[in-house]
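K.L.:
With the sequence up front, the predicted model follows.
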Amino acid sequence: MSLTGLDIFKLTPKKNCKDCGFPTCLAFSMKVATGAVEIEKCPHMSDEAVSKLADATAPPMKTITIGKGENEYKLGGETVLFRHEKTFVNRNRFALLLSDSMTDEEIESKITSIKKVNYVRIGEEMRVEIVALKYEKSREKYLDLIRKIKESNLNIVYMLICEDVEVLKDALELVKNEKPIVYGATKENYEEMVDLVKGDELPLGIKANNLEELYSLVADIHKLDYKELILDAGSSSIKEAFDNTVQIRRIALKEEDRTFGYPSIVFANELSKGNKFMEIALTSLFILKYGSIIVLGDIDYTRALPLFALRQNIFTDPQRPMRVEPKVYPINNADENSPVLVTVDFALTYFIVSGEVERSKVPVKLAIPDAGGYSVLTAWAAGKLSGSSIAKFIKESGLDENHNCKKLIIPGKVAVLKGDIEDNLPGWEVIVGTDEAMHLPKFLKELQQEATAV
Amino acid sequence: MVFKKSVQKFSGKINEVVIGTGEKAIKLGGENAMPFYDFDGNLGERPKVGMEILDIFPDNWIEPLKEMYKDVADDTAKWAQFVEENFNPDFICLRFEGADPNGLDKSVEECADIAKEVAESIELPLVIAGTNNHEKDAKLFEKIAETLDGYNVLLLSAVEENYKSVGAAGGLAYNHKVGAESSVDINLAKQLNILLTQLGVKPEDMVMNVGCAAVGYGFEYVASTMDRIRLAACGQNDKTLQLPIITPVSFETWTVKESIASENEMPEWGNQEDRGIAMEVSTASSVLASGANAVILRHPTSVETINMFIKELLS
Amino acid sequence: MEKFMIIGERIHCISPTIRKALAERNPEPILKRAKEQIEAGADYLDLNIGPAEKDGEEIMTWAVELLQKEFDNIPLALDTVNKKAIEAGIKVYNRAKGKPIINSADAGDRIEMIDLAAANDAMVIALCSKQGIPRDNDERMAYCTELLERAMTLGLEPTDVLFDPLFLVIKGMQDKQTEVLEAISMMKEMGLKTTGGLSNVSNGAPKEIRPVLDSAVVAMAMQSGLTSAIVNPCDTRLMETIKACDIVKGSVLYADSFLDL
């Protein structure tokens, strides 16, 4: 991320005046790049050049913390544009919009939805993390709304959407200690806004009519020495929001211009104009392409199942594949009389295998030993899936004692383990399964028929 | 610092490939930028949205879809016409589930007859999807390529195991388009394109299916594979990867638990049809954002939503 | 990372066939060699017309148009010390597939070739030498810096200059080989692009040994950061080595048939 000698050379006056003690500007620049010499040795550097150099040592995109305690999340801090280049660092967070112009019933129902859609998928909590509280009409009602959320005991971060500084002051009295996001700095009110949030270092959401104005607004706020920012990508059209979200991220990471080195916020609820499936399509787009906070109109399982799962996928570190917890998973109401099928704890393998077993409708106990998070063949080659490790898992999981059906199906690709397992697990019949998961339904149905026939 | 848009010019461009004939023929590809990045370059042709139908009654599909197609689904040609008239997608994907040796194992002659009837009764371009059994697909595509000569259909797909037969039939003996299929393996995707080219199939007669997964089911591999293919094709000007990508989204999203679990099984999950659409819409928008030039969908609401999604992003 | 750039060296007036063809304006031998090189994988073709003091402008114009017309605007390196000939060549040059490269400038008499590149928005090969071979890397890098400064002061992008560290013949200068590789590393550290006449290293060695030496040097130089070379693309062993190195460096996506491309 640091500047090269050539980058620095471009900033010098290129006069070769030797005032710095070096024969040429280039020689000087090369030394500065290595850190051996201070840039200030050159008396002719412009202020802009000096500040650019100082910036170069800071990360290109700032990490912003929102919320407090168990509801604390980090946004931003990304270093690459594509996840395969390294990894994405901080997943996007979902917000749900509430406003003071909603009826009590509406508000209640949304609070209930937030509480209801709360589950764990591959070790990760799946729920809305932020309430976006929008001030529309009445100060009293707005403050009531905030109180209502507080009383509901939701585990959640507050985002106050309000451009009226006076109202915000009252609102902040209620939730100041929760490190809420204060959203609504514009070119008209930004000085007061910065005054309001500076003491507590609250993240400040800022918006403008277009990308260029947003850029100068950030620059103005930088002059007030405030850098806890979240940028609104705009919501006048889907295209504008998309272009701006990509531009903000690219200008920060590729052009290394820290003016845009902040997380972004996208109002998918407004962009989709009440069309739920459009909201799902757009939210998917912004999970992939650089939305840091995505605001939804409501939450239910229809939205949550694809969106939370997509987010979980995209923010997986390519170097560290997802793993499922090693244990025995009963499928299709399996009981002690169902066969046992063993595979690895690599999340993708688990999902494909469990999906095919579900499709077969045959009750099966899926045994997942600790196989290092590798796929079947890799785990076997690395010694993480062996006859003894499988036998050990079957014993420790209690299946050996408390299970009647002593049939153990192993992946076809590790057929060689059959003998080993049988030696280690007396009393069990080891059956070699299919090479590919897609052939499991047929295989399991036939196995079931055979068992019934006997 | 002054505000300056970030622009990335690429030297490589995706080939243009035509499927179908006449006024309703479609063109895929032509872009020299990442998906929907029109600030960088030319986006080429609008991404296309097709709809899936089967050669047999869709017993495994969800109830509302069976209900919708109940009067037409026993006759594949009628079903195709119904889809063309009512939903007007960019193309129709006829999938030969009934030819699967593990299922009904219909003969290739019978399948070819059905394909012919369908082709004759619609104007939309036709994509023919096989059974995933490589041996059977090789024979199926050979027969269909012959029977549908002149319709310029897309055969989905040639895989490593059968590319010679499928490529020779679709791209050499008859004038169709050949899909090169790999499953989320970027090196194989490239290799298959090279092999088909070496066989003599022209690049403008090929598209790729680089694999798909429903969101939540290893979709990160799909997204990164597509990112890397597009960056290599446009950024590194790798000619062997400059092919349009078609992604059969519905083949993946309607078999996962989120879409097949009934409301009785998962009462808290709510309406099953909505869940299925949501999985399909989320996966489709994600592959389009990653580089797909065409998607195959099942539910009319998904088609409507994704069409609107594309239109808004291109406006 | 960018793919290694191959500049085909076989249109060179040192070859009697080419010298004769240029003099007689006979397209056939020139086109034949161009075709062989392009098919073998050359990205650029070097067009060396010799000093051509008399009719350089005319020859260069003729040859540039001939090659670009026949081979879809194949990009060219215009190779002569005759500045007027280079200017004339650039005038008719089509940039659709890439900027012209001026071959070459050095830190001595030919430093003005840098000015010519800047004035014509061309790329330029910059030999890191003044008279003869640089004594050591201090001298080499001093020339490199001098050339770079001149280029940047005149407004050229650093990436428009291809620095040539001067590959040296193994038979006779074996002890200098690692120094050249080190120079390439230093240039890479500076973010510079590099090139060089690779076949120099195996000069004088038995014919059957030359491809091995050239291949070994190119592999090591690519690891040090060499971004292009002026080579004989028809040398299969060398080209396969370069392709394999591109794969290992991640500049080209792997596929089983990568050597066929």
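P.N.:
Yep, that arrived. Residues are numbered from 1 along each chain as shown, chains lettered A, B, ... in the order given.
K.L.:
and for the helix or strand that B:Met308 is a member of, what are the contacting residues?
P.N.:
Taking DSSP states H and E as the definition, one finds B:Met308 inside helix B:300-314. Here helix B:300-314 makes contact (CB atoms under 8 Å, 6 or more residues apart in numbering or on different chains) with A:237-239, A:242, A:275, A:277-278, A:280-282, A:285, B:36, B:38, B:43, B:46-47, B:49, B:51, B:68, B:86-87, B:89, B:250, B:277, B:280-281, B:284-285, B:288, B:295, B:297. (C-beta placed from N, C-alpha, C; glycine too.)
K.L.:
Which of these fall within helices?
P.N.:
A:238-239, A:242, A:277-278, A:280-282, A:285, B:68, B:86-87, B:250, B:277, B:280-281, B:284-285, B:288 (DSSP state H).
K.L.:
hmm, back to that, for ChimeraX, what selects the buried ones among the contacts of helix B:300-314?
P.N.:
The ChimeraX selection below is limited to those of those classed as buried (16 or more other CB atoms under 10 Å in any protein chain shown):
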select /A:238,239,242,277,278,280,281,282,285 /B:36,43,46,47,49,51,68,87,89,250,277,280,281,284,285,288,295,297
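K.L.:
So which of the contacts of helix B:300-314 reach chain C?
P.N.:
The overlap between these and the neighbours of chain C (CB under 8 Å from any CB of the partner chain) is empty.
K.L.:
Show the average pLDDT along the lengthiest strand in chain A.
P.N.:
When chain A is parsed with DSSP state E, its longest strand is strand A:93-99. For strand A:93-99, mean pLDDT rounds to 98.
K.L.:
gap between the residue in the stretch 101-250 of chain B positioned nearest to chain A and chain C?
P.N.:
Using CB to the nearest CB, the closest approach of the stretch 101-250 of chain B to chain A is made by B:Gly216 at 2.7 Å. B:Gly216 is 27 Å from chain C, where distance means CB to the nearest CB, to the nearest Å.
K.L.:
so what's that residue up against?
P.N.:
Counting by CB under 8 Å, 6+ apart, B:Gly216 has contacts A:121, A:305-306, A:308-310, A:312-313, A:351, B:256, B:258.
K.L.:
Give me the subset of those lying in strands.
P.N.:
Per DSSP E, the subset of those in strands is A:Arg121.
K.L.:
give me the low-pLDDT residue ranges for chain A?
P.N.:
A:1-2, A:57, A:454 (pLDDT under 70).
K.L.:
okay, now the domains of it?
P.N.:
A:5-56, A:63-314, A:328-453 (automatic domain parsing).
K.L.:
could you redo those as JSON lines and give each row distance to C:Lys35?
P.N.:
Shown next, in JSON lines, are the domains of chain A (distance: least, CB to CB, whole Å):
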{"stretch": "domain A:5-56", "distance to C:Lys35": "38"}
{"stretch": "domain A:63-314", "distance to C:Lys35": "38"}
{"stretch": "domain A:328-453", "distance to C:Lys35": "47"}
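K.L.:
Please work out which of those domains is packed deepest.
P.N.:
Highest mean neighbour count among the domains of chain A (mean count of other CB atoms under 10 Å in any protein chain shown): domain A:63-314, with a mean of 20.
K.L.:
Close to chain C: what parts of chain A are there?
P.N.:
Residues of chain A that fall close to chain C, judged by CB under 8 Å from any CB: A:4-6, A:9-10, A:14, A:16, A:24-27, A:30.
K.L.:
And these, which is closest to A:Ala334?
P.N.:
For the residues of chain A next to chain C, the residue nearest A:Ala334 by CB to CB is A:Thr4; the value is 60.9 Å.
K.L.:
Can you pull the phi/psi pair for the nearest residue to the closest one once chain neighbours are set aside?
P.N.:
Spatial nearest neighbour of A:Thr4, chain neighbours left out: C:Gly191 (4.7 Å); criterion: CB to CB, 6 or more residues apart in numbering or on different chains. Per-residue torsions, C:Gly191: phi 80, psi 20 (degrees, to the nearest 10).
K.L.:
And for A:Arg323?
P.N.:
According to degrees, to the nearest 10, A:Arg323 has phi -120, psi 150.
K.L.:
measure the closest residue to it other than its chain neighbours to A:Ile409 for me?
P.N.:
Using CB to CB, 6+ apart and skipping the chain neighbours, the partner closest in space to A:Arg323 is A:Gly373 (4.0 Å). Using CB to CB, to the nearest Å, one obtains 21 Å as the distance from A:Gly373 to A:Ile409.
K.L.:
Count residues in the vicinity of C:Glu11, would you?
P.N.:
Quick fix: residue C:11 reads Ile, not Glu. Each residue near C:Ile11 was counted by other CB atoms under 10 Å in any protein chain shown, and the total is 25.
K.L.:
what kind of secondary structure is it in?
P.N.:
Look at C:Ile11: counting by DSSP: H, G, I helix; E, B strand; the rest coil, its state is strand.
K.L.:
wait, isn't it in contact with C:Arg33?
P.N.:
Yes - with contact defined as CB atoms under 8 Å, C:Ile11 counts as touching C:Arg33 (5.5 Å).
K.L.:
Identify the contacts common to those two.
P.N.:
C:Ile18.
K.L.:
Help me confirm that B:Phe39 comes into contact with A:Asp243.
P.N.:
Yes - taking contacts as CB under 8 Å, B:Phe39 lies within contact range of A:Asp243: 6.1 Å.
K.L.:
Mind listing residues that contact whichever strand or helix holds C:Tyr143?
P.N.:
Element membership of C:Tyr143, judged by DSSP H and E, is helix C:137-153. By CB under 8 Å, 6+ apart, the residues outside helix C:137-153 that reach it are A:6, A:9-10, A:14, A:16, A:24-27, C:105-107, C:111, C:114-115, C:117-118, C:124, C:126-130, C:134, C:158, C:160-161, C:163, C:165-166, C:179, C:182-183, C:186-187, C:190, C:192.
K.L.:
Any buried residues in it, and which?
P.N.:
Those would be C:137, C:140-152, for helix C:137-153 by 16+ other CB under 10 Å.
K.L.:
With stretch C:15-31 instead?
P.N.:
C:18-19, C:21-22, C:27, C:29-31.
K.L.:
SS state for the residue of the stretch 101-250 of chain B closest to chain A?
P.N.:
coil.
K.L.:
and the gap between it and C:Leu192?
P.N.:
Relative to C:Leu192, and taking CB to CB, B:Gly216 is found at 46 Å.
K.L.:
again with A:Asp19
P.N.:
Taking CB to CB, one finds A:Asp19 at 26 Å from C:Leu192.
K.L.:
so where's the stretch 151-300 of chain B uncertain?
P.N.:
Ranges of the stretch 151-300 of chain B meeting pLDDT under 70: none found.
K.L.:
Would you map the strands across it?
P.N.:
For the stretch 151-300 of chain B, the strands defined by DSSP state E, counting those that start in this stretch occupy B:154-158, B:177-181, B:206-209, B:246-247, B:294-297.
K.L.:
Get me the contact residues on the stretch 151-261 of chain C for chain B.
P.N.:
Counting by CB under 8 Å from any CB, the stretch 151-261 of chain C sits next to chain B at C:251-257, C:260-261.
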